[in-house]
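>>> could you work out the structure for the sequence below:
(chains A and B)
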2 protein chains.
Amino acid sequence: MRYELYYWPEIQGRGEFVRLALEEGGARYVDVARRRGADAMMKFIDKAKTERPPYAPPFLKAGKLVIAQTALILHYLGPRLGLVPRSKADRLWALQLQMTITDLVKEIHDTHHPISSALYYEDQRPAAKRYTQAFWRNRIPKLLGYFERVLERSGGTYVFGRNVSYVDLSLFQIVEGLRYAFPKRMKRFEAKVPRLIKLRDAVASRPRVAAYLKSKRRIAFNEWGIFRAYRALDA
Amino acid sequence: MRYELYYWPEIQGRGEFVRLALEEGGARYVDVARRRGADAMMKFIDKAKTERPPYAPPFLKAGKLVIAQTALILHYLGPRLGLVPRSKADRLWALQLQMTITDLVKEIHDTHHPISSALYYEDQRPAAKRYTQAFWRNRIPKLLGYFERVLERSGGTYVFGRNVSYVDLSLFQIVEGLRYAFPKRMKRFEAKVPRLIKLRDAVASRPRVAAYLKSKRRIAFNEWGIFRAYRALDA
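Sure thing, here's the model as predicted:
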């Protein structure tokens, strides 16, 4: 199977969680919009004949199937790429955790866009400051603390113990992104989630991930994506 | 199977999407926190021995399984309650739509709490006004417009045509909630989504749903839940 990933070509964004799984899973895939431009992607969404149109990127074409929503794409790819255990209960658990990561990603996005995605960051800066303050006081401790607790009970480095899953790849990306966007805050916080940091290191040193991170396929973090390095928010 | 639903006893909130499915599906279930109080629920989350703790309510106990995340609970219950077609592609499609409803629910919540859930509405009123303005200008047309388009292509009243699914029950709840929280805005908007309104009416007149809505099991909308009737936001 050759997969087709459709996502914005200039950013890591939500698509990056899928790219990491495709890379670690050794999948054959095309990053369509990076090869053919975002128009090809939008045409697909708008095309009148798409019977089941995706709401938004990222979406994945797998043969005739079209799957949108990051967590659902990963749920679909997981068993096919060996990135989740096979039992039903384990697959549900992985998807449940991934959905909580989805919630976290939305909140991270909202640190710089609390009022509206249709406005520039510059037009919502005071709200962004307030949001970010509360986010680091209440939400980061609660959410990362939750994943730390999950890892504590997993009996290993990863969420499922010794075997890496797509959830671990996503948690790696969360740590990387928070380090990029909030270097000072993250530096102070990391001591509270040692297992998460250990997981991050373990994922980073996996041969396929390491090769991917060094390749041109890995887009650099920038100020158009989810994680943005705005100094004013990292006070 | 007797299901146990764990959710805040005073509000519809996210739990209501599950309650609607349990009711329409004719399931045997206990709404645990309404019977025994929220402490029983929180104890379950905090309990040291829960190997795979839910992040937050709602969660469902089904035998030994514990499932959190509204959309995932519905994905699990769907085939068991006859509320989703059996094919894999259909189940993925239903879950994809439900995840988009999850995104919408979060945005609806943020109309009154754009800065932080840890603050009162009264402490973020100007931001809430701005958020709500943009929400009704950009997001509601895009999101409800998307579901309208899905219904247009479904070949019937419901998302899967003639047979009701858990997604339809959730869309019913979205329309009901928006009518409660934003009566004026919603009145102006409804003409743009006639299929969604027709779906709402069809769900409301299903015997089990109708009986549930009249029962004491249906908690009334109030200002602690997702949908809140704040006049200042319905200008």
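
>>> how is chain A partitioned into domains?
Following automatic domain parsing, one gets these domains for chain A: A:2-80, A:88-206.

>>> rounded mean pLDDT for the longest one, please.
When the per-residue pLDDT values of domain A:88-206 are averaged, the result is 98.

>>> where do the strands sit along chain A?
With strands called from DSSP state E, chain A shows them at A:2-6, A:28-31, A:59-62, A:65-68.

>>> quick one: the first one to chain centroid distance?
Average the C-alpha atoms of strand A:2-6, do the same for its chain, and the two points are 17 Å apart (CA atoms, centre = their mean, to the nearest Å).

>>> contacts for that strand?
With contact meaning CB atoms under 8 Å, 6 or more residues apart in numbering or on different chains, strand A:2-6 is reached by A:15, A:18-19, A:22, A:27-33, A:40-41, A:44, A:54, A:57-62, A:77. For the C-beta atoms, the positions are set from N, CA and C on the backbone; glycine is no exception.

>>> may I see the buried residues of that strand?
Neighbour counts over strand A:2-6 (16 or more other CB atoms under 10 Å in any protein chain shown) mark A:3, A:4, A:5, A:6 as buried.

>>> paired strands for it, with orientation please.
According to DSSP bridges, strand A:2-6 forms sheet pairs with strand A:28-31 (parallel), strand A:59-62 (antiparallel).

>>> mind putting those in a markdown table, distance to residue A:171 and mean pLDDT included?
As requested, these are exported to a markdown table (distance: least, CB to CB, whole Å; pLDDT from 0 to 100):
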| stretch | distance to residue A:171 | mean pLDDT |
| --- | --- | --- |
| strand A:28-31 | 22 | 97 |
| strand A:59-62 | 21 | 96 |
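
>>> so which of the ones you listed has the densest surroundings on average?
Greatest average neighbour count among these goes to strand A:59-62 (a mean of 22), per mean count of other CB atoms under 10 Å in any protein chain shown.

>>> output that strand as CSV, restricted to C-alpha atoms.
Provided in CSV are the C-alpha atoms of strand A:59-62 (Å, rounded to 0.1, in the frame of the first residue of the first chain):
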residue,chain,number,x,y,z
PHE,A,59,-6.3,13.5,5.6
LEU,A,60,-4.9,10.3,4.3
LYS,A,61,-5.8,8.3,1.2
ALA,A,62,-5.4,4.6,1.6
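
>>> neighbouring contacts of that strand?
Under CB under 8 Å, 6+ apart, the answer for strand A:59-62 is A:1, A:3-6, A:18, A:44, A:66-68, A:73, A:76-77.

>>> same thing with stretch A:28-46?
Against stretch A:28-46 from outside (CB under 8 Å, 6+ apart): A:1-9, A:19, A:22, A:50, A:53-54, A:56-57, A:59, A:217.

>>> helices along chain A, start to end?
A:15-24, A:32-36, A:38-46, A:70-80, A:88-112, A:125-134, A:140-152, A:166-181, A:183-189, A:194-204, A:207-214 (DSSP state H).

>>> wait, does the fifth one contact chain B?
By that I understand helix A:88-112. Yes: counting by CB under 8 Å from any CB of the partner chain, chain B is contacted by helix A:88-112 at A:89, A:92, A:93, A:95, A:96, A:99, A:100, A:102, A:103, A:106, A:110.

>>> OK, contacts around the closest residue in space to residue A:97 that isn't next to it in sequence?
Distance criterion CB to CB, 6 or more residues apart in numbering or on different chains; nearest residue to residue A:97, sequence neighbours excluded, is residue A:167 at 4.8 Å. The contact partners of residue A:167, by CB under 8 Å, 6+ apart, come to A:84, A:94, A:97, A:98, A:101, A:159.

>>> need the max-distance pair from those.
A:84 and A:101 (13.9 Å; CB to CB).

>>> more crowded one of those two?
Remark: of residue A:84 and residue A:101, residue A:84 carries more neighbours, 26 against 21, as counted by other CB atoms under 10 Å in any protein chain shown.

>>> so who does the closest residue to the more buried one other than its chain neighbours touch?
Among residues not flanking residue A:84 along the chain, residue A:78 sits closest, at 3.4 Å (CB to CB, 6+ apart). Listed by CB under 8 Å, 6+ apart, the contact partners of residue A:78 are A:21, A:84, A:91, A:94, A:165, A:166.

>>> same check on residue A:1?
So residue A:1 contacts A:27, A:28, A:62, A:63, A:80 (CB under 8 Å, 6+ apart).

>>> which among those gets closest to residue A:208?
Set against residue A:208, the nearest of these by CB to CB is residue A:27 (10.3 Å).

>>> just checking, the closest one touches residue A:73?
No: counting by CB atoms under 8 Å, residue A:27 does not reach residue A:73; the two are 11.7 Å apart.

>>> compare neighbour counts for those two and give me the winner.
residue A:73 (27 against 18).

>>> measure the closest residue to that one other than its chain neighbours to residue A:68 for me?
Excluding the flanking residues, the one nearest residue A:73 by CB to CB, 6+ apart is residue A:60, at 4.8 Å. Distance, residue A:60 to residue A:68, by CB to CB, to the nearest Å: 8 Å.

>>> hey, what's in contact with both of these two?
Common neighbours of residue A:60 and residue A:68 (CB under 8 Å, 6+ apart) do not exist.

>>> quick revisit: buried ones from the residues of helix A:88-112 next to chain B, can you make that a ChimeraX selection?
Buried members of the residues of helix A:88-112 next to chain B, defined by 16+ other CB under 10 Å, are picked up in ChimeraX with:
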select /A:92,93,95,96,99,100,102,103,106,110
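
>>> what's the closest of the residues of helix A:88-112 next to chain B to residue A:212?
residue A:102 (21.9 Å).

>>> thought that closest one was touching residue A:73?
No: applying CB under 8 Å as the test, residue A:102 and residue A:73 come out as separate, 11.2 Å apart.

>>> for residue A:143, give its distance to residue B:219.
From residue A:143 to residue B:219 the distance is 28 Å (CB to CB).

>>> what of residue A:207?
53 Å.

>>> of those two, which one has the most company?
Shown here are residue A:207 and residue B:219; by other CB under 10 Å, residue B:219 has more neighbours (19 against 8).

>>> quick one: pLDDT of the more buried one?
98.

>>> what do you get for residue A:46?
Taking residue A:46 on its own, its pLDDT is 77.

>>> give me every residue that touches residue A:182.
A:136, A:233, A:234.

>>> for residue A:65, same thing?
With CB under 8 Å, 6+ apart, residue A:65 has these contacts: A:76, B:89, B:92.

>>> want to throw those residues into a markdown table with distance to residue B:153?
Putting those into a markdown table (distance: CB to CB, whole Å) gives the following:
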| residue | distance to residue B:153 |
| --- | --- |
| A:76 | 22 |
| B:89 | 15 |
| B:92 | 16 |
